[in-house]
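In: I need the structure of the sequence given here:
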Amino acid sequence: MNAGRMDRKVDLLRPTTSTDSFGQVSETFTTEAEVWAQKKDVTAREGVEADQVVAQIRTEWTIRWRSDITPQWRIRYGSEIYTIEGILEIGRREGMKILSTNKDSPR
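Out: Model (predicted):
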């Protein structure tokens, strides 16, 4: 794993739930950590959803090993939010490859 290629600072967002005064449960995401990552866009495609054009980008992130990340977490890079699809271990807990998607808002 080449640490010099990890040149993007990203936020790891952990899901949390809260209950309001009416008993409604809502899920929000809290910043758990800010880490250095390598970003590699793997695929991009455009499609139509609900009569609107939507772009979807599949991105692979490489970070140092962490034992707490699950696929329910999200990644924030700048103003973009990425949904985690899968997590792969690199070596013997040297690092992680995180596969994610980012859907742009409809155009």
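In: tell me which residues are up against the top strand by length along the chain.
Out: Scanning the chain for the longest strand, with DSSP state E as the assignment, gives strand 25-49. The contact list for strand 25-49 (C-beta atoms under 8 Å, 6 or more residues apart in numbering) reads 3, 5-20, 53-64, 66, 68, 73-77, 99, 106. Glycine gets a C-beta too; all of them are placed from N, C-alpha and C.
In: quick check: next helix or strand after it?
Out: strand 52-64 (DSSP states H and E).
In: so what's the most centrally placed residue in the chain closest to, chain neighbours aside?
Out: Residue closest to the average C-alpha location in the chain (C-alpha atoms, centre = their mean): Ile75, at 2.9 Å. Once flanking residues are discounted, Ile75 sits nearest to Tyr82: 4.3 Å by C-beta to C-beta, 6 or more residues apart in numbering.
In: repeat that for Ser67.
Out: Arg93 (8.0 Å).
In: Provide the secondary structure category for that neighbour.
Out: Following DSSP: H, G, I helix; E, B strand; the rest coil, Arg93 is assigned to coil.
In: neighbours of it, how many?
Out: Residues near Arg93, counting by other C-beta atoms under 10 Å, number 11.
In: quick check: it touching Trp65?
Out: Yes: here Arg93 reaches Trp65: they are 4.4 Å apart, a contact under C-beta atoms under 8 Å.
In: and for Phe22, the neighbour number?
Out: With other C-beta under 10 Å as criterion, Phe22 counts 5.
In: now do the phi/psi pair for it.
Out: Backbone torsions of Phe22, given as degrees, to the nearest 10, read phi -90, psi 0.
In: repeat for Gly4
Out: With angles defined as degrees, to the nearest 10, Gly4 sits at phi -70, psi -20.
In: one more: Ala3?
Out: Backbone torsions of Ala3, given as degrees, to the nearest 10, read phi -70, psi -30.
In: run through the residues that contact it.
Out: Counting by C-beta under 8 Å, 6+ apart, Ala3 makes contact with 36, 64.
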